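Engineer: any chance you can model this:
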Amino acid sequence: MACQAISPGSNPGRRTSSLCTDFVSQRFKSGSRHSRGVATLKDLGERAVVDQLKRIFDRGHPIGLGHDCGVIDWGDDYLVITTDAVNAKTHIPAGAAPAQLGWYVVAINLSDIAAAGAYPLGLVVAISMPRDTHLEFVKDLARGMEECARQFGVPIVGGDTKESDSLMLAMTAFGKVPKPRILLRSGAKPGDIVVLTGDLGRAGWASRAVGNPEKRAHALDAFLRIFPRTQEGIFFSESGVVTSCMDVSDGLGATIHQLSEASQVAFVVDYDAVPIYRELQGADRRVIEELALYYGGDYELVATVRPDALGALLEKYRQSKGREEQYKLSVIGKVDAKGGNRLYSKKGGTVPLENRGWEHFRSFSG
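Structural biologist: Residues are numbered from 1 along each chain as shown. Purely as a prediction, here's the structure:
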C-alpha cells in the first residue's frame with residue numbers, strides 16, 4: 001500500500017496526515033497488547049523489510065523470491081522482470097541534469113537484468129512530478145532515458161504519468177533467459193572463484209567530490225551515468241560455468257553477505273585484488289574501504305565461477321571484450337564452506353568483511 005497524505009476536508013496532496021501512520025495508530029490503539037514496541041522501517045532497514053514481504057508474497061515461485069529479478073515461466077525461457085524507483089530525497093544529488101536522471105533510472109534497472117544473465121527486452125516507466133514542473137525538464141528527462149535505452153538496444157514501450165509533491169521515477173524492465181542459464185544469488189559452492197567486472201568506488205568518490213565546484217560535473221557523471229553490464233551478464237549466463245551472480249548496487253560488503261546467505265557459504269575477498277576507481281587510488285585505506293567496499297552505487301557484477309573453468313572463462317572474456325579498462329574482469333577472491341565472510345590483504349591480514357553498505361530506511365552505512 002502506498003503512503004498518501006490526506007487530511008479531512010483537504011486537497012489529497014497536502015501533507016498534514018499520513019495514511020501509513022494513521023493505520024498504525026488505529027490498529028494499535030493505546031492500551032492494546034500491541035500498542036508498545038511497534039516496529040518502524042527505520043528500526044529494521046530495507047533488507048529486513050523485504051524479508052517480511054517475501055513471507056507474504058511467496059507462493060512457490062519458480063526460483064523463489066529475493067533475487068535481483070523475479071521470473072514467470074515462458075516456455076523454455078523465463079520472462080525476467082525487475083523494477084526500481086528513484087526519488088529526489090534518496091537518489092538525486094544537487095545539480096543533476098534531467099538527462100542524467102533519465103539515464104540513471106534506465107541503467108539501474110538494466111543492471112538487475114544483467115545480474116540474471118538475461119537478454120533485455122523492454123522497459124516501462126512511471127513518472128510522478130509536481131504540476132509546475134517545466135516541460136523542458138520532462139523532455140530532457142525522457143531524452144536521457146531514451147539515450148541509455150538505445151545504447152543498450154532496449155525499447156521503452158510505455159508507462160504512466162502522475163501528479164505528486166516531488167519527483168519520483170519508477171521503471172520496470174523485462175528480459176528473457178533460457179531456464180537452465182538463469183543466474184541467481186544462490187548456487188555458489190566451496191572452491192568457486194569470485195570475479196568482478198569493472199572497478200569499485202566510483203559512486204563513493206562522486207558522493208564526496210560533488211560538493212567541490214571544480215569536480216561537480218565529473219562527479220555527477222560518475223554517479224549517475226553508470227554502465228549496466230548487460231553483455232557481461234549474458235556472457236556469464238552463456239558460459240555455463242558461473243554459479244551465482246549479483247550486481248553491486250549497495251556495496252561489496254552487503255552484496256557478498258547476500259550471496260553468502262543465499263548460497264549458505266562463506267566468501268574470502270582479496271582486498272589487494274579489488275580494482276579501485278582511479279580517483280580513489282592512493283587514498284588512505286580506511287577511505288578506500290568505506291567508499292569502494294561499503295558505499296555502493298557502482299552497479300558492477302560480482303559472480304562465482306567453477307574453479308576448473310576459470311582459465312577458459314577469462315581467456316574467452318578477453319577475446320570477446322579486449323583489454324580495455326572499462327571491460328576488465330578481475331579475480332577478487334574465493335568461496336569457502338564456512339568461517340564467515342573475510343577480507344584479506346598482505347598488509348592487514350584477515351579481518352571480517354562487514355555486512356554493511358547502502359540500505360534504505362537507514363543511514364548510508366546501514
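
Engineer: switch to C-alpha atoms for all contacts and neighbour counts from now on
Structural biologist: Noted.

Engineer: which residues in the protein form helices?
Structural biologist: Remark: helices assigned in the chain by DSSP state H are 19-27, 41-44, 46-57, 98-115, 135-151, 202-209, 216-224, 230-239, 252-263, 285-288, 310-321.

Engineer: distance to Ile182, mean pLDDT and mean neighbour count added to the ones you listed, as CSV?
Structural biologist: Output for these, formatted as CSV (distance: least, CA to CA, whole Å; pLDDT from 0 to 100; neighbours: other CA atoms under 10 Å):
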stretch, distance to Ile182, mean pLDDT, mean neighbour count
helix 19-27, 37, 53, 12
helix 41-44, 31, 73, 12
helix 46-57, 20, 68, 13
helix 98-115, 9, 97, 27
helix 135-151, 22, 98, 17
helix 202-209, 28, 95, 22
helix 216-224, 28, 96, 20
helix 230-239, 6, 97, 22
helix 252-263, 15, 96, 23
helix 285-288, 33, 95, 14
helix 310-321, 17, 94, 14
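
Engineer: let me have these in JSON lines, adding distance to Asp272 as columns.
Structural biologist: What follows is the helices of the chain, written out as JSON lines (distance: least, CA to CA, whole Å):
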{"stretch": "helix 19-27", "distance to Asp272": "47"}
{"stretch": "helix 41-44", "distance to Asp272": "33"}
{"stretch": "helix 46-57", "distance to Asp272": "29"}
{"stretch": "helix 98-115", "distance to Asp272": "24"}
{"stretch": "helix 135-151", "distance to Asp272": "33"}
{"stretch": "helix 202-209", "distance to Asp272": "17"}
{"stretch": "helix 216-224", "distance to Asp272": "23"}
{"stretch": "helix 230-239", "distance to Asp272": "23"}
{"stretch": "helix 252-263", "distance to Asp272": "14"}
{"stretch": "helix 285-288", "distance to Asp272": "11"}
{"stretch": "helix 310-321", "distance to Asp272": "19"}
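
Engineer: these: which one's closest to Gly191?
Structural biologist: The closest of these to Gly191 is helix 310-321. By CA to CA, the value is 11.3 Å.

Engineer: okay, angle between the closest one and helix 230-239 too, please.
Structural biologist: For helix 310-321 against helix 230-239, the angle by axes from the mean of the first three to the mean of the last three CA atoms, to 10 degrees is 140 degrees.

Engineer: that older thread, for Gly349, which of the helices of the chain is the nearest?
Structural biologist: Between the helices of the chain, helix 285-288 lies closest to Gly349; by CA to CA that is 13.4 Å.

Engineer: just how off-centre is that closest one within its chain?
Structural biologist: Relative to the mean C-alpha coordinate of its chain, helix 285-288 is positioned 22 Å out (CA atoms, centre = their mean, to the nearest Å).

Engineer: and the residue most central in space within the chain, how close does it get to Gln319?
Structural biologist: Residue closest to the average C-alpha location in the chain (CA atoms, centre = their mean): Ser249, at 3.2 Å. Ser249 sits 27 Å away from Gln319, going by CA to CA, to the nearest Å.

Engineer: in the stretch 251-366 of the chain, where is pLDDT below threshold?
Structural biologist: The stretch 251-366 of the chain contains residues with pLDDT under 70 at 357-366.

Engineer: in it, which spans are strands?
Structural biologist: Taking DSSP state E, counting those that start in this stretch as the test, the strands found in the stretch 251-366 of the chain are 266-270, 301-305, 329-336, 342-345, 349-352.

Engineer: of all the helices of the chain, which one comes closest to Leu343?
Structural biologist: By CA to CA (comparing all of those), the closest turns out to be helix 252-263, at 9.4 Å.

Engineer: picking that back up, in CSV: the strands of the stretch 251-366 of the chain, plus mean neighbour count and distance to Phe137.
Structural biologist: CSV is the format used below for these (neighbours: other CA atoms under 10 Å; distance: least, CA to CA, whole Å):
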stretch, mean neighbour count, distance to Phe137
strand 266-270, 24, 43
strand 301-305, 27, 32
strand 329-336, 20, 37
strand 342-345, 18, 44
strand 349-352, 13, 46
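
Engineer: adding distance to Gly102, write those strands out as CSV.
Structural biologist: Shown next, in CSV, are the strands of the stretch 251-366 of the chain (distance: least, CA to CA, whole Å):
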stretch, distance to Gly102
strand 266-270, 34
strand 301-305, 22
strand 329-336, 28
strand 342-345, 36
strand 349-352, 38
